[in-house]
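K.L.:
here is a sequence with its predicted model. Questions after.
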Amino acid sequence: MKITILVDDRAGRAGLRSEHGLALWIEAGGRNILFDTGQGGVLENNARELGVDLETTGSVVLSHGHYDHTGGLARVLRRAPGAHVYGHPSLVLPRYSVQAGVARSIAMPVPALAALQRLPETRLHWLQQPFQLSDRIGLSGPIPRATDYEDSGGSFCLDPGGRHPDPLDDDLALWLRSPNGLVVCVGCSHAGVVNTLRHVRRLNQGQKIRAVIGGFHLGNAGPRRLQRTIAALGQLEPDRVVPCHCTGDTAIDALRRALGKRVAPGTAGMTLQF
């Protein structure tokens, strides 16, 4: 089982490029899975530099419908026209970030939407419940919002006027079952990283969380949320915590102080093997 970070806000070495976004390349059980696609500006360059052949993509999993996770979809499907795409129906909704009354569109870009519309029904999988890609690889489906301290992480709305908050029902995670526990990939954890990990454990008979990789969206988290999130992660006892993308430097520093060497911030080019 091997996971390579193709796109992240930071690049780990010369030749790789960074952008605000996330994409993970997952090789497991004879499958090649692309989890999110970044904005699309650096995906192909980084794949080439890292020796990843996007033409072998069998499945594309979209964690949610924001531009920084879906923008590279059209490029990927041109390279891998037989790939299957998995995500929640709300992926395609209009989305806005509203700050001080100013709205900015953060929805899936038009080329990605068009690529989805061109897909045959047999290769487009709308998920509204947990789904198994194989006996050891699964998708969370919608994640119950059980904690009282986690929220979506920002002022996200379904309209530019900010009247209709976006519940981000499409937020999902991918999990892989290893002999020593579950490896969980998250896009932005808009459902809350603790809610996500607890849900994945419930889907897997309470198995241990071996690792969690991806964006935790704690950049805007207040002290209470940050403290309680870190305490809950400590109770879950993951062996590896790899915060990427939208986690935020303050949160990463706090995670490292609390969890020590188990925390290794992600960068484009990082490879994890289990």
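P.N.:
In hand now; what should we look at?
K.L.:
surely G161 touches A103?
P.N.:
Yes. The pair G161 and A103 passes the contact test of CB atoms under 8 Å, sitting 7.3 Å apart. Just so you know, the C-beta spots here come from the backbone N, C-alpha and C atoms, and that holds for glycine as well.
K.L.:
how about the strands in the stretch 101-250 of the chain?
P.N.:
102-105, 124-126, 131-132, 137-139, 156-157, 173-178, 181-186, 209-215, 240-244 (DSSP state E, counting those that start in this stretch).
K.L.:
each with direction, which strands does the fourth one pair with?
P.N.:
It refers to strand 137-139. Note on strand 137-139: by DSSP bridges, its sheet partners are strand 131-132 (antiparallel), strand 173-178 (antiparallel).
K.L.:
need the residues that contact the shortest one.
P.N.:
In this case it means strand 131-132. Y86, H125, G138, L139, G141 (CB atoms under 8 Å, 6 or more residues apart in numbering).
K.L.:
against Q205, how distant is L158?
P.N.:
36 Å (CB to CB, to the nearest Å).
K.L.:
I misspoke; the intended subject was S134.
P.N.:
On the measure of CB to CB, S134 and Q205 end up 17 Å apart.
K.L.:
comparing those two, which residue is more hemmed in?
P.N.:
It is S134, of S134 and Q205, that has more neighbours when counted by other CB atoms under 10 Å, with 13 against 6.
K.L.:
the helices in the stretch 151-274 of the chain, which residues?
P.N.:
For the stretch 151-274 of the chain, helices defined by DSSP state H, counting those that start in this stretch occupy the ranges 193-203, 223-236, 249-259.
K.L.:
and R31, what pLDDT?
P.N.:
You'll see R31 listed with a pLDDT of 97.
K.L.:
please disregard the earlier target; I meant A100.
P.N.:
pLDDT, read off for A100, is 89.
K.L.:
number of nearby residues for it?
P.N.:
5.
K.L.:
so L77 is in which element?
P.N.:
Applying DSSP states H and E as the criterion places L77 in helix 73-79.
K.L.:
which other helices and strands does the next helix or strand after that helix contact?
P.N.:
The first helix or strand that comes after helix 73-79 along the chain, using DSSP H and E, is strand 84-87. Applying 3 or more CB pairs under 8 Å, 6 or more residues apart in numbering; DSSP states H and E, one finds that strand 84-87 contacts strand 59-61, strand 124-126.
K.L.:
which outside residues touch whichever helix or strand comes after the first one?
P.N.:
Beyond strand 59-61 on the C-terminal side, the first helix or strand identified by DSSP H and E is helix 67-70. For helix 67-70, the external contacting residues (CB under 8 Å, 6+ apart) are 19-23, 36-39, 62-63, 91, 105-109, 112, 187-188, 245.
K.L.:
just the buried ones from those, in PyMOL syntax?
P.N.:
Command for PyMOL that selects the buried part of the contacts of helix 67-70, burial taken from 16 or more other CB atoms under 10 Å:
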select buried, resi 19+21+22+23+36+37+38+39+62+63+91+106+107+108+109+112+187+188+245
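K.L.:
narrow the contacts of helix 67-70 to those in helices?
P.N.:
Residues of those located in helices (DSSP state H): A112.
K.L.:
was I right about L172 contacting Q129?
P.N.:
No. Counting by CB under 8 Å, L172 stays clear of Q129, with 10.4 Å between them.
K.L.:
neighbour-wise, which of those two wins?
P.N.:
More crowded of L172 and Q129, by other CB under 10 Å: L172, with 27 against 8.
K.L.:
now for the more buried one: which residues touch it?
P.N.:
Taking CB under 8 Å, 6+ apart, one finds V61, S63, H64, G87, H88, L127, L139, S140, G141, P142, I143, G187 in contact with L172.
K.L.:
cool, and G41?
P.N.:
Counting by CB under 8 Å, 6+ apart, G41 has contacts R17, E19, G71, G72.
K.L.:
neighbour-wise, which of the residues you listed leads?
P.N.:
Neighbour tally across the contacts of G41 (other CB under 10 Å): the maximum, 30 neighbours, falls on G72.
K.L.:
show the contacting residues for that one.
P.N.:
If you count contacts by CB under 8 Å, 6+ apart, then G72 has V7, A23, T37, G38, Q39, G40, G41, L43, E44, A112 around it.
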